[in-house]
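Undergrad: below are the sequence and a predicted model; questions follow.
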Amino acid sequence: MNMKLTLPWRKGVPELPSIHRQPARGAGAAAFVVPAFGLFFAIFFGLAAAVLPWQILVGMLSLPVLLLVGIAMPTVLFVAALLLLFGVMPEFIMGALPLGGATLRPAELVLIFCFVIVLTRSLLGGIDLWSLLRPLRWPLLMLGCGVVLGLVKGKLMAHNTLALADARQYVGWLALPVGLWFTVVYPDRLQRIVIGIALLAATLMILQFGLGVQLIFGFRGAENLSKDFSDVTRSAIGGGLFFLAYAAYRLFLHVCDGERWRWTALFGSLIAIGGIVASFNRAIWAGFAVGAFLLLILKPRTRHSAVLPVIVLFTFAGFGAASLFIAKPRAADALVERITSINEEGQRGSSLGFRFDENQQALEALRHSPLVGTGLGGEYKRVYRQLSTAGGFDIETSFIHNGYLSLWLKLGVFGLVLPAALLVVGWHLRTARFGSSQVVGTAGFASLVLLLVSMLTSADLSTSSGTAAVGCILALMLSARSGEEKKSSAEA
């Protein structure tokens, strides 16, 4: 008879596993593989740290994080790319990637990463982005042909050192399909992203202008206004100014057509206008005024009149100007000087004088090659007829401030007709016979008019921030029209 005696003080004590028990299947392999991988990565990054620059190491470590964030939260990745492009988020916290003579900045790397994720999700989700881009097929075809022509002429034939550096500026156009994908998957989110970034940037610009504390770190050197007003800081956000203009136009139209949050929208429009004023960009000021005038003329029929909102806007603008002269007379004097100095522009040593010199040399270079231009990275400045007094843009041999001549020089004849093609498409999108899309289309068309005026003194379509901003605005116009077409076909 087999009897087992259990001692009372042994009750509740778990039985220890036998030392002769076999380990579970796979446990021994996992116990070896995990430390082995950890040791491998430690050795790899330890050796790489002695050879590679720290920026590349940071990028390699950031790729898995960007992948997870992009898959789980594509909105965060896209917003980060736009904030980096506009200089609202400082990009010196991230490393750049040297690539074939060019340097991909963090903003462009994040935007490329976001485009790859969006393209993958579009293919897997059966979203036909090309059909949504069909109204823009001719401008996109001209852009593609121009970039190919510029690369062939600049890189393969002329062997320009800055060919790829110029080519990376057109990475900003990837914001167009990315933004269009957002309008399909997350309706109205792109509108909130654009207006939200615009109000955030405008608030920082106003605070930077009023307090004199630098809050925007993009576009180094552009924050310097002049020698006489070196203590006044201007705000430079590149293409983000088009976001500010679109937000001001769109929020004003919401005041005229909306039913809720009308006066809150009017306050937001006033904030966006304040950001435009704080930019000290005279071309943007002029273009915004022209766009606002066309907005009032082309404004579709709305629920409310535009008279009262215009009166309120001018009243608050006058009150803000008077308060500025009382609280910050130095900043107010800088604004007045910026406006009145137009009379001196065009003379030798002035800002427009430098640009006129650039235009003459660019036209001389185009006279020898009117069809293909100089190619990407091509040098057109051969003689320096003026000495720099405040900056160094006159010593750059490939950059030109005139946006039309810049496209013609770099993309050939395709770049010359690209702005006109975009304006024609914008007009057709504005004249869509649908209610809500007319509001978005009219605000977008006014922003395109601002772009065409600004391009007289700024190469907006040859910079990554400018092309990204224009791409997002075009995506909004395309989505508004396609959404109304689907609604009308469903009702029919």
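TA: Okay, I see it.

Undergrad: residue ranges with poor pLDDT in the stretch 101-250 of the chain?
TA: 101-102, 218-228, 230-231 (pLDDT under 70).

Undergrad: let me know the pLDDT of the residue nearest to Leu423 when sequence neighbours are not counted.
TA: Using CB to CB, 6 or more residues apart in numbering and skipping residues adjacent in sequence, the residue nearest Leu423 is Leu448, 5.9 Å away. The way it works is simple: take the backbone N, C-alpha and C, and place the C-beta from them, glycine included. As predicted, Leu448 sits at a pLDDT of 96.

Undergrad: neighbours of Leu211, just the number please.
TA: As a burial measure, Leu211 scores 12 neighbours (other CB atoms under 10 Å).

Undergrad: quick one on the thing from earlier: tell me what the helix or strand hosting the residue nearest to Leu423 is packed against?
TA: Using DSSP states H and E, Leu448 sits within helix 435-454. Packing partners of helix 435-454 (3 or more CB pairs under 8 Å, 6 or more residues apart in numbering; DSSP states H and E): helix 240-257, helix 282-298, helix 413-430, helix 464-491.

Undergrad: closest one to Ile311 among those helices?
TA: With CB to CB as the criterion, Ile311 lies closest to helix 240-257 of these, at 11.8 Å.

Undergrad: helix or strand right after the closest one?
TA: helix 262-278.

Undergrad: between helix 435-454 and that next one, find me the angle.
TA: Here helix 262-278 points in a direction 10 degrees away from that of helix 435-454 (axes from the mean of the first three to the mean of the last three CA atoms, to 10 degrees).

Undergrad: re the thing from before, out of the helices and strands packed on helix 435-454, which gets nearest to Ala443?
TA: Nearest to Ala443 among these is helix 240-257; the distance by CB to CB comes to 3.9 Å.

Undergrad: what angle sits between that closest one and helix 282-298?
TA: Angle between the axes of helix 240-257 and helix 282-298 is 20 degrees (criterion: the same axes, to 10 degrees).

Undergrad: who does helix 240-257 touch, helix- and strand-wise?
TA: Using 3+ CB pairs under 8 Å, 6+ apart as the contact test, the elements touching helix 240-257 are helix 189-211, helix 262-278, helix 282-298, helix 307-327, helix 435-454, helix 464-491.

Undergrad: could I get the helices and strands packed on helix 435-454 as a markdown table with distance to Ala306?
TA: Formatted as a markdown table, the helices and strands packed on helix 435-454 follow (distance: least, CB to CB, whole Å):
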| stretch | distance to Ala306 |
| --- | --- |
| helix 240-257 | 5 |
| helix 282-298 | 6 |
| helix 413-430 | 17 |
| helix 464-491 | 20 |
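
Undergrad: show me the contacts for Leu478.
TA: 132-133, 135-136, 180, 183, 429 (CB atoms under 8 Å, 6 or more residues apart in numbering).

Undergrad: give the buried subset of those residues as a PyMOL selection command.
TA: Filtering the contacts of Leu478 down to the buried ones (16 or more other CB atoms under 10 Å) takes a single PyMOL command:
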select buried, resi 132+133+135+136+180+183+429
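
Undergrad: in helices, which of the contacts of Leu478 fall?
TA: In helices, judged by DSSP state H, the following of the contacts of Leu478 are found: 132, 180, 183, 429.

Undergrad: for the closest residue to the third one other than its chain neighbours, what are its contacts?
TA: For Thr183, the nearest residue in space outside its immediate sequence neighbours is Ser479; the separation is 3.4 Å by CB to CB, 6+ apart. With contacts defined as CB under 8 Å, 6+ apart, the neighbours of Ser479 are 132, 180, 183-184, 187, 190.

Undergrad: go on, Ile276?
TA: Neighbours of Ile276 in contact, by CB under 8 Å, 6+ apart: 202, 241, 244-245, 248, 284-285, 288.

Undergrad: hmm, 10 Å instead?
TA: If a contact means CB atoms under 10 Å, 6 or more residues apart in numbering, then Ile276 has 198, 202, 205, 235, 241, 244-245, 247-248, 284-285, 287-288, 450 as its contacts.

Undergrad: ok, now Leu366?
TA: 372-374, 380, 405, 408-409, 412, 416.

Undergrad: need the three-state assignment for it.
TA: Secondary structure, DSSP: H, G, I helix; E, B strand; the rest coil: Leu366 is helix.

Undergrad: just the pLDDT for it.
TA: For Leu366, pLDDT reads 92.

Undergrad: could you do Ala27 as well?
TA: Per the predicted model, pLDDT is 49 at Ala27.

Undergrad: what residues of the helix holding Leu448 count as buried?
TA: Buried residues in helix 435-454 (16+ other CB under 10 Å): 437-454.

Undergrad: what do you get for stretch 72-85?
TA: 74-75, 77-85.

Undergrad: what of stretch 201-215?
TA: For stretch 201-215, a neighbour-count test (16+ other CB under 10 Å) marks 201-202, 204-206, 208-209, 215 as buried.

Undergrad: from these, pick the one nearest Val470.
TA: Ranked by distance to Val470 (CB to CB), the buried residues of stretch 201-215 are led by Ala201 at 16.1 Å.

Undergrad: who's in contact with the closest one?
TA: Applying CB under 10 Å, 6+ apart, the residues contacting Ala201 are 82-83, 86-88, 215-216, 235, 237, 240-241, 243-244, 247, 271-272, 275, 278-279.

Undergrad: if I've got this straight, Phe280 is in a strand?
TA: No - according to three-state DSSP, the state of Phe280 is coil, so it is not within a strand.

Undergrad: count of residues packed around the closest residue to it other than its chain neighbours?
TA: Leaving aside its sequence neighbours, Phe280 sits nearest to Arg234 (CB to CB, 6+ apart; 4.2 Å). Applying other CB under 10 Å, we find 21 residues neighbouring Arg234.

Undergrad: about what we covered before: rebuild the contacts of Ser479 as CSV, extending it with distance to Val69.
TA: Output for these, formatted as CSV (distance: CB to CB, whole Å):
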residue, distance to Val69
Leu132, 25
Leu180, 21
Thr183, 21
Val184, 21
Pro187, 22
Leu190, 19
